[in-house]
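[1] Please work out how this folds:
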Amino acid sequence: LNIGATGTGITLEGWINVASVDGLHPIAEWYSGVRDILGVQFWINSSPYSSGGLLAVLYDTNGNRQALTSPEGILQPNVFQHVAMTYDRTSGMTTIYLNGAAVAQENMGSFVPQTSYNLWIGHRPFDVPGDWTYGATLGGLLDEFTLYNRALSSNEIAAVYNAGANGKCA
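    Residues are numbered from 1 along each chain as shown. Now for the predicted structure:
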């Protein structure tokens, strides 16, 4: 699943329905299994004290880290919401989407995203007591989660959201 090295960018997208939007909840991440050696991450919130936001962290293959956060308070508990993050290597743009609309965007420059590690969905492995993320799980449902080795356009993200319960493969 080394999508960062095989395409022109990356997209992670799917539907979430979580019991709580407070604190840290991993949606998906590439993690080496060695403490603090991470790849691309997509989480609910950027700290244990945050509520209702989304976080995209992109590590490149040299270990450099860049992060993008959405405003807090945009996610709701106990309802399905479509979330997506895209990175376009050509333009350098990283975008976070909620329900088909961009909620955060930043130019991070052109690099190869680190996606050669194991992919973990809804769970952060190998943490130890005392870590911010110790015991972090998605804490809810995940549906139609999909990875792409390119950045979907805003129109494509909106189309997936608008398809709703019909699914993107209707």
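[2] Pull out the buried positions in stretch 19-27.
    For stretch 19-27, a neighbour-count test (16 or more other CB atoms under 10 Å) marks 21-27 as buried. Where C-beta positions appear, they are placed from N, C-alpha and C, glycine not excepted.
[3] Which of those residues fall within strands?
    Those of those mapping onto strands are 25-27, per DSSP state E.
[4] With respect to residue 45, which of those is nearest?
    residue 25 (6.8 Å; CB to CB).
[5] That closest one contacts residue 136, doesn't it?
    Yes - under the criterion of CB atoms under 8 Å, residue 25 makes contact with residue 136 at 6.2 Å.
[6] Tell me which residues are up against the helix of greatest length in the chain.
    Using DSSP state H, we find that the single longest helix of the chain is helix 154-163. Contact with helix 154-163 is made by 11, 13, 82, 84, 86, 95, 97, 99-102, 152, 168, 170, as judged by CB atoms under 8 Å, 6 or more residues apart in numbering.
[7] so where does the nearest residue in space to residue 35 that is not next to it in sequence fall, helix or strand?
    Leaving out its chain neighbours, the residue that sits closest to residue 35 by CB to CB, 6 or more residues apart in numbering is residue 126, at 6.9 Å. In this structure, residue 126 sits in neither a helix nor a strand according to DSSP states H and E.
[8] So residue 126 is in contact with residue 32, correct?
    No - assessed by CB under 8 Å, residue 126 is found out of contact with residue 32, at 9.0 Å.
[9] Of these two, which one has the most company?
    residue 32 (15 against 12; other CB atoms under 10 Å).
[10] who touches the more buried one in this structure?
    38-39, 117-118.
[11] Count the residues that sit near residue 134.
    12.
[12] Distance of residue 49 relative to residue 131?
    Going from residue 49 to residue 131 by CB to CB, to the nearest Å gives 15 Å.
[13] more neighbours, those two?
    Comparing residue 49 with residue 131 by other CB under 10 Å, the one with more neighbours is residue 131, at 14 against 11.
[14] Tell me the gap between the longest helix of the chain and the middle of its chain.
    17 Å (CA atoms, centre = their mean, to the nearest Å).
[15] Quick check: mean pLDDT of it?
    Averaging pLDDT along helix 154-163 yields 96.
[16] and it, which residues are buried?
    154, 156-158, 160-161.
[17] are any of the contacts of helix 154-163 buried, and which?
    Using 16+ other CB under 10 Å, the buried members of the contacts of helix 154-163 are 11, 13, 82, 84, 86, 95, 97, 99-100, 102, 152.
[18] Which one of these is nearest to residue 58?
    With CB to CB as the yardstick, the closest approach to residue 58 among the buried ones among the contacts of helix 154-163 comes from residue 86, at 10.7 Å.
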